[in-house]
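In: show me how the following folds:
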Amino acid sequence: MSVNKCEVYFKLVSDDIDPDEITKLLGIQPTKVRKKAQPRQKYNSWEYSSGKEASEVIDVYKMSSAIIEALYPKMGDIAKIVKEKNLFSELQVVLWISMDDSISTPAIGFEKETIAFLTKVGASIDVDTYRN
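Out: Take a look at the predicted model:
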């Protein structure tokens, strides 16, 4: 049986700043970094992820709120470096949706605290969906 899968992550992207510098500035260990110098990588990125979840029931509200709760104490620092270092910031939701009609489709939405945080740090939201 196929289940729904999801990963939610917050990312900071730059052409110039090394992800290790972002880690130093924020004092938060990322779950993944990508460096421009790696093959086919066009930019540097620093990512903080909820991890991948696989379940019949996926709740994007809950997953995105957990990310924001972890980053909230650094909201001012994130907003500052996004502005000063000209970074692109984004909350990324990646969904693999089961084609099994007996499985519920994911609940996709964002709490007002999540939206307020993203507004403060100048972030956008991107939702990618794939058939599973």
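In: which parts of this structure are helices?
Out: Taking DSSP state H as the test, the helices found in the chain are 19-26, 60-71, 75-84, 112-120.
In: can you give me the buried ones in the longest one?
Out: Within helix 60-71, the residues that count as buried by 16 or more other Cβ atoms under 10 Å are 60, 63, 64, 65, 67, 68, 71. Glycine gets a C-beta too; all of them are placed from N, C-alpha and C.
In: can you redo the helices of the chain as a markdown table with distance to residue 36?
Out: Putting the helices of the chain into a markdown table (distance: least, Cβ to Cβ, whole Å) gives the following:
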| stretch | distance to residue 36 |
| --- | --- |
| helix 19-26 | 10 |
| helix 60-71 | 23 |
| helix 75-84 | 18 |
| helix 112-120 | 25 |
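In: relative to residue 92, which of the ones you listed is closest?
Out: Closest to residue 92 of those, according to Cβ to Cβ: helix 60-71, at 9.9 Å.
In: on that earlier part again, could the helices of the chain be laid out in JSON lines, adding distance to residue 2 and mean pLDDT?
Out: As requested, the helices of the chain are arranged in JSON lines below (distance: least, Cβ to Cβ, whole Å; pLDDT from 0 to 100):
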{"stretch": "helix 19-26", "distance to residue 2": "34", "mean pLDDT": "95"}
{"stretch": "helix 60-71", "distance to residue 2": "19", "mean pLDDT": "96"}
{"stretch": "helix 75-84", "distance to residue 2": "36", "mean pLDDT": "97"}
{"stretch": "helix 112-120", "distance to residue 2": "28", "mean pLDDT": "98"}
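In: thinking again about what came up before, which one of the buried residues of helix 60-71 is nearest to residue 26?
Out: Closest to residue 26, out of all of those and judged by Cβ to Cβ, is residue 71, at 8.5 Å.
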